[in-house]
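Q: coords below, sequence missing:
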């Protein structure tokens, strides 16, 4: 999966740099390189790591409910806005089922962030179907 220059995700392999952004997109075929935080442990992980919770879902999904103190930045906005995310502490990426957030965590890790994925996403927490 990769992102177009307009910042929207599309299928296929990840390309290199885009003219509009000074960053490379990254998708490791091996997501085991990204820390997976179990749904039962997310709260303690965030507290223990003083982490930022980054919800990468769309606004309509966010409106269904999110985690306390989470920041909404949809996956489609990540390339244009990722530098708004504090780099001085870990980031827990969250989505509906863990797929999008895993991709975003990999992208952030590639760009120097300490990033983790909420395994199973909001579904694993029983907060979204």
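A: It's in. Everything numeric in this text was worked out from a predicted model, so none of it was measured.
Q: after the helix or strand of the chain with the lowest mean pLDDT, next one along is what?
A: Every helix and strand in the chain was compared by mean pLDDT, DSSP states H and E; the lowest is strand 9-10, with a mean of 34. With elements assigned by DSSP states H and E, the helix or strand that comes after strand 9-10 is strand 35-37.
Q: List the contacts of that next one.
A: Here strand 35-37 makes contact (C-beta atoms under 8 Å, 6 or more residues apart in numbering) with 45, 92, 102, 105, 115, 116, 117, 118, 119. Every C-beta, even on glycine, is put in place using the N, C-alpha and C of the backbone.
Q: Give the pairing partners of that strand; include direction for each.
A: Here strand 35-37 is paired, per DSSP bridges, with strand 115-118 (parallel).
Q: in stretch 62-71, what counts as buried?
A: For stretch 62-71, a neighbour-count test (16 or more other C-beta atoms under 10 Å) marks 66, 67, 70 as buried.
Q: From residue 101, how far off is the second one?
A: Okay, so that is residue 67. Remark: distance between residue 67 and residue 101 (C-beta to C-beta, to the nearest Å) = 12 Å.
Q: quick one: common contacting residues for the two?
A: Both residue 67 and residue 101 are contacted by residue 94, under the criterion C-beta under 8 Å, 6+ apart.
Q: Could you report the separation of residue 53 from residue 69?
A: Distance, residue 53 to residue 69, by C-beta to C-beta: 6 Å.
Q: swap that for residue 39, please
A: 17 Å.
Q: again, but for residue 84
A: Plainly put, residue 84 is 16 Å away from residue 69 if you go by C-beta to C-beta.
Q: hey, which helix is longest across this structure?
A: The single longest helix within the chain, with elements called by DSSP state H, is helix 99-110.
Q: And that one, how far out from the chain middle?
A: Centroid displacement of helix 99-110 relative to its chain, using C-alpha atoms, centre = their mean, to the nearest Å, is 5 Å.
Q: Rounded mean pLDDT for it, please.
A: Computed over helix 99-110, the mean pLDDT rounds to 95.
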